[in-house]
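Asks: return a 3D structure for these sequence lines:
(chains A and B, ligands or ions: 2)
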Amino acid sequence: MARMGMVFDLKACIGCNACVIACKQENSLPDGVFFTKTLSEEYGVFPMANRVFIPTICNHCEDAPCEKVCPTGATYTRDDGIVMVDDDKCIGCSSCSVACPYDQRTQMDADNFLKGLFGKGDITPFEEDGYGRYTPGTVTKCDFCSQRVDVGLDPACVVTCPTNARIFGDLDDEQSAPSKMIRERHGRPPLPEKNTKPKVFYVN
Amino acid sequence: MAIEDKVFSGDTLRSGYRFQRHWDNSMAYAFIFAELGAGIYFISLLMNSLTGMIVGLVLVSTGKPYFHLAHMGVPSRSWRAMLRPDRSWISRGLLGLGAMIGTGFLYVIGLAFGEQFGIAADSGLLGLLKVASATFALVVMCYQGFAMSHSTAIGIWNSAIIPMASLLYSLSLGVAGALVLLPAAQTGGLADTQLLLLLGLAVMHVMLLHGGWHGSPGARTSVELLLQTSYSKWFWGMVIATGIIVPALITWAAPGNALLAIISGLAMLSGFCTWRILIFKIGVYEPILSMNPFHSAH
Ligand code: SF4
Ligand code: SF4
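Replies: Residues are numbered from 1 along each chain as shown, chains lettered A, B, ... in the order given. Ligands and ions are numbered 1, 2, ... in the order given. Below you'll find the model as predicted:
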């Protein structure tokens, strides 16, 4: 059985946020909601100042605390390791949000749907069509674009990234691109001390 | 690293500590009503105070559901929260809450009107309801603490002291309620118990601060927020001075005075409410990764 995961190449990421936009488009995410964010960090002082970019996403943890605390069973893990949220079961209690050490969960407030992507309250036909998949009040997160994975495609953020900073594949397959990269470049998971066993790794 | 040097990124796209804001004040009020009501019910049950039991049950069955539903994203589906007692403290707690309210009201009705239907106050049926409702009240007194301490995400919450704090606050507020509601002649020994519980609360706060300071970076940051930012005046002024020291002095100096018992109870309640809100506000997530070569966890 596959175990889908992702690697972020921190040397390659230029912080262009193309992945963020692709994700919003693919998943019809309303105003204020992101499934992936590219964080930036500055350090040092002039003339030795530096700025680096750190892409973040749901880590599809193997020992996912969000799933453990969910009182309704709305959060569950598929056979291929993708952690999902069943919109029909979620009650929006936010237990998963406080349990996720990576702050990767977002509540879809009714307000999020009102502004529209252009911020003026005009909802385009594209938005109108896409928003239907969400129930206001529920909590959502990245699902590795499961609808794309199911038909053999990579997640939208991965195919959009112009620098190949996001590498997606089966971590159980030793020959897959992410497995090789983790092995050869000593991939490290975020906050390993939280014991969540993330399936997302960072290399630099 | 001093607190003023730490990056709090809020909702921005900077890497840094992020405040927990998913559980807001309405969740804190739900916690307050549950722990206060269950504590008053439990102690009143031990002291055979029917008024106290009714007050406790009313608090638990009104304020707790109201504020919980206010927090819920999809309130109409809330019943689903009881479906996973095998793994979720929210489920266990809500089942306990429902069972406490059910058995508690049956017990109170039995006590008040049982004689008319031939059910004596010391009958086996009422005894069973008493034990059951006391057990479920204990679940309600503790489960919210377990729900918070269960996961490692928020360092300061991820501690066995958090459920202990729920229990101690619940018991001490229950005793405070009994001292207010019962005539002085029936409260023998309760003042001493209250002093012990207040001492327990003080020790609990020291343990939480000590554990957090020497714990994960997130837990330490929360302690720094509590002691070194504008939250500190609320912590020292309301939680410690008003919520623990003032009631302890009143209970020690004038144990049987009805007016002072009310003042002491209100002071404890304000300290408790402040603490419940603060513990939500100081919860932080740690930066998930730092590329900064000068970054240090502490
Ligand atoms: S990153 Fe957070 S939301 Fe994603 S699986 Fe892990 S705990 Fe759950
Ligand atoms: S918000 Fe939804 S997915 Fe999250 S714990 Fe509650 S019911 Fe489960």
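
Asks: drop to CA atoms for contacts and neighbour counts, all remaining ones
Replies: OK.

Asks: mind jotting down where the strands sit in chain B?
Replies: Ranges of strands in chain B, per DSSP state E, are B:18-19, B:284-285.

Asks: buried deepest among the ones you listed, which one?
Replies: With neighbours defined as mean count of other CA atoms under 10 Å in any protein chain shown, the strands of chain B peak in mean count at strand B:284-285, which reaches a mean of 28.

Asks: can it be found next to chain A?
Replies: Yes - applying CA under 8 Å from any CA of the partner chain, one finds strand B:284-285 in contact with chain A at residue B:285.

Asks: neighbours around residue 113, how many?
Replies: Here I'm looking at chain A. 21 (other CA atoms under 10 Å in any protein chain shown).

Asks: sorry, I should have been clearer: chain B.
Replies: Neighbour tally, residue B:113, other CA under 10 Å: 14.

Asks: with residue A:65 instead?
Replies: For residue A:65, using other CA under 10 Å, the count is 23.

Asks: and the residue of chain B found nearest ligand 1, how close does it get to ligand 2?
Replies: Residue nearest to ligand 1 within chain B (CA to the nearest ligand atom): residue B:153, separated by 8.5 Å. From residue B:153 across to ligand 2, the span is 14 Å (CA to the nearest ligand atom, to the nearest Å).

Asks: wait, what's in contact with that residue?
Replies: A:98, A:99, A:100, A:101, A:102, A:194, B:285 (CA atoms under 8 Å, 6 or more residues apart in numbering or on different chains).

Asks: switch the cut-off to 10 Å
Replies: A:65-66, A:97-103, A:191, A:194, A:196, B:20, B:218-219, B:283-286 (CA atoms under 10 Å, 6 or more residues apart in numbering or on different chains).

Asks: chain neighbours aside, what residue packs nearest to it?
Replies: Nearest residue to residue B:153, sequence neighbours excluded (CA to CA, 6 or more residues apart in numbering or on different chains): residue A:101, at 3.8 Å.

Asks: okay, that neighbour: pLDDT?
Replies: Residue A:101 is assigned a predicted lDDT (pLDDT) of 96.

Asks: wait, it touches residue B:157, no?
Replies: No - applying CA atoms under 10 Å, one finds residue A:101 not in contact with residue B:157, separated by 12.0 Å.

Asks: what do those two both touch?
Replies: Common neighbours of residue A:101 and residue B:157 (CA under 10 Å, 6+ apart) are B:151, B:284.

Asks: end-to-end on stretch A:11-20?
Replies: Length of stretch A:11-20, first residue to last, CA to CA, to the nearest Å: 18 Å.

Asks: what about it, average pLDDT?
Replies: Here the average pLDDT along stretch A:11-20 is 95.

Asks: from what I see, residue B:283 and residue B:149 are in contact.
Replies: No - applying CA under 10 Å, one finds residue B:283 not in contact with residue B:149, separated by 11.6 Å.

Asks: so between these two, which is more surrounded?
Replies: Remark: of residue B:283 and residue B:149, residue B:283 carries more neighbours, 26 against 21, as counted by other CA under 10 Å.

Asks: against residue B:226, how distant is the more buried one?
Replies: Distance from residue B:283 to residue B:226, by CA to CA: 10 Å.

Asks: residues in contact with residue A:184?
Replies: Residue A:184 neighbours (CA under 10 Å, 6+ apart): A:178, A:203.

Asks: re the thing from before, any shared contact partners between residue B:283 and residue B:149?
Replies: B:155, B:156, B:157.

Asks: so residue B:218 is in contact with residue B:17, correct?
Replies: Yes - in this structure, residue B:218 is within contact of residue B:17 by CA under 10 Å, at 7.8 Å.

Asks: need the overlap of contacts for the two.
Replies: With CA under 10 Å, 6+ apart as the test, residue B:218 and residue B:17 both reach B:283, B:284, B:285, B:286, B:287.

Asks: so what pLDDT did the second one get?
Replies: For residue B:284, the model assigns a pLDDT of 95.
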